[in-house]
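> Let's see this in three dimensions:
(2 chains)
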Amino acid sequence: MGKVVGAFWVPHNPVMYVAPEAPNPTQREAVHAAYAECARRLVELEPTTVIIVGNDHYILFGTQCLPRYLIGTGDIEGALGSLPGLDKLVTQNNEQLAGFIAQHGFDNGFDWAVARSFSVDHAVSIPHHLVVKPAQQALGYELPCIPVYMACAVDPFLSLKRTAELGREIRAAVEAFPADERVVVIGSGGISHWVGTAEMGRVNEGFDREVLAHGVAGDLEALCAYSNEQIIGRAGNGAMEIRNLICALAAVEGGKGEVVGYEAVEPWVTGMGFLAVKPS
Amino acid sequence: MSRNLVERVLWKLSVERSSKNRFREDPRVFLAQFRLSEEEVECLLSFKVGALQCMGVNPMLTMGFWQELAPDRSMRLYKERLGAIDQQRAAFSAALKG
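Model prediction:
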């Protein structure tokens, strides 16, 4: 029987790679320290597989097919769209577990879209680069990585309630898996950021800390109570990625979080929040 | 405006190298293969990103279109085109290609 032993919230901000020196040194060091602390805590959890929950940015999926939620069950490569300093992702999937999660979903009312091979974007490759890869080095073994993508940035959006249900379903599937997997779920994204709009560069720290506080309390009901209009109005179109965070939180039984770090990084156009989630 | 069709065109211009090249060579010829209205063609030829967004086009696509293909790829100018007020233009970083 598998177990979801923890989760994290981490940003996947490509501007960090495009303009690494843009914020002041204190702020950028704090961000990198937060990623490093998440990596350290990931090692402590002694994981055997990581699931990274991210979203497309209108790169992987075009108007011809916009999946609501997708799981990669086969080989993985990436990232699409090169970023300076970000190595091409090299990792293996846990195909048995990924396929099991997909089938468990089909049997329980979750009609996953399945990618039997998948090229990820920065939503997976950045958390992998800054959290999973350092953890692998410390652990001394490779952590298989299962990508999950949810419709956050391109409408029609997945409802927040459904993202929580999907997190619980992932947990149920892991727990039904015959092997003793120790799974960690990384919710990749946000928090406040405006992408491609006139407000780009604005950060709403108040909203970000509110979302983090809900994560600390494990308050999925409060997180799912935001409307799309509230999220976009208060925290920008990029903040729709809180879906990924909700899914990760819901994947942990009675999960409650601890803030690992937060920086409102206007030069990187994002409120960057980090949360470590443990089961109750 | 057919938002779906405009987004299809912009997505192709974001991810397909051959489409980018054909647009650079002759944008009007490239756009002629789609059943776009004159208004839509004009918006795309003139990089009217504000008008595109007002019509519901996803901002990630308008930004990508601008960064890849606009004659002046300045993000400050992009934000001006979106009607950004002074403070919003200032709340901007060299991070995003000027």
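> So, low pLDDT: which residues of chain A?
A:80-81 (pLDDT under 70).
> Just the helices from it, written as ranges.
For chain A, the helices defined by DSSP state H occupy A:15-18, A:25-44, A:95-107, A:122-127, A:133-139, A:160-176, A:205-217, A:220-224, A:228-235, A:242-250.
> Any idea which of the ones you listed gets closest to A:Lys88?
helix A:122-127 (8.1 Å; C-beta to C-beta). For the C-beta atoms, the positions are set from N, CA and C on the backbone; glycine is no exception.
> outside of that closest one, which residues touch it?
A:8, A:10-14, A:16-17, A:52, A:54-57, A:76, A:78-79, A:81, A:83, A:86, A:89, A:145, A:147, A:149, A:186, A:188-189, A:244 (C-beta atoms under 8 Å, 6 or more residues apart in numbering or on different chains).
> just stretch B:55-70 next, same as before
Contacts for stretch B:55-70 (C-beta under 8 Å, 6+ apart): A:57-58, A:153-155, A:195-197, A:237, B:1, B:3, B:6-7, B:10-11, B:13-14, B:20, B:23-24, B:43-44, B:47, B:49, B:52-53, B:73, B:75, B:77-78, B:81, B:97.
> To what extent is the residue in the stretch 1-150 of chain A positioned nearest to chain B buried, counted in neighbours?
Using C-beta to the nearest C-beta, the single residue of the stretch 1-150 of chain A nearest to chain B is A:Ala19, 3.4 Å away. By other C-beta atoms under 10 Å in any protein chain shown, the residues close to A:Ala19 number 18.
> Same question for A:Pro47.
Counted with other C-beta under 10 Å, A:Pro47 comes out at 23.
> Format the helices of chain A as JSON lines; extra columns: distance to A:Val4 and mean neighbour count.
Formatted as JSON lines, the helices of chain A follow (distance: least, C-beta to C-beta, whole Å; neighbours: other C-beta atoms under 10 Å in any protein chain shown):
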{"stretch": "helix A:15-18", "distance to A:Val4": "28", "mean neighbour count": "20"}
{"stretch": "helix A:25-44", "distance to A:Val4": "13", "mean neighbour count": "17"}
{"stretch": "helix A:95-107", "distance to A:Val4": "11", "mean neighbour count": "19"}
{"stretch": "helix A:122-127", "distance to A:Val4": "17", "mean neighbour count": "29"}
{"stretch": "helix A:133-139", "distance to A:Val4": "16", "mean neighbour count": "16"}
{"stretch": "helix A:160-176", "distance to A:Val4": "5", "mean neighbour count": "21"}
{"stretch": "helix A:205-217", "distance to A:Val4": "16", "mean neighbour count": "19"}
{"stretch": "helix A:220-224", "distance to A:Val4": "14", "mean neighbour count": "18"}
{"stretch": "helix A:228-235", "distance to A:Val4": "26", "mean neighbour count": "16"}
{"stretch": "helix A:242-250", "distance to A:Val4": "9", "mean neighbour count": "30"}
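> okay if I get these as CSV plus distance to A:Leu66?
Compiled in CSV, the helices of chain A are given as follows (distance: least, C-beta to C-beta, whole Å):
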stretch, distance to A:Leu66
helix A:15-18, 25
helix A:25-44, 30
helix A:95-107, 19
helix A:122-127, 15
helix A:133-139, 30
helix A:160-176, 15
helix A:205-217, 25
helix A:220-224, 22
helix A:228-235, 16
helix A:242-250, 14
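> Which among these is found nearest to A:Met272?
Nearest to A:Met272, of the helices of chain A and by C-beta to C-beta, is helix A:25-44 at 5.7 Å.
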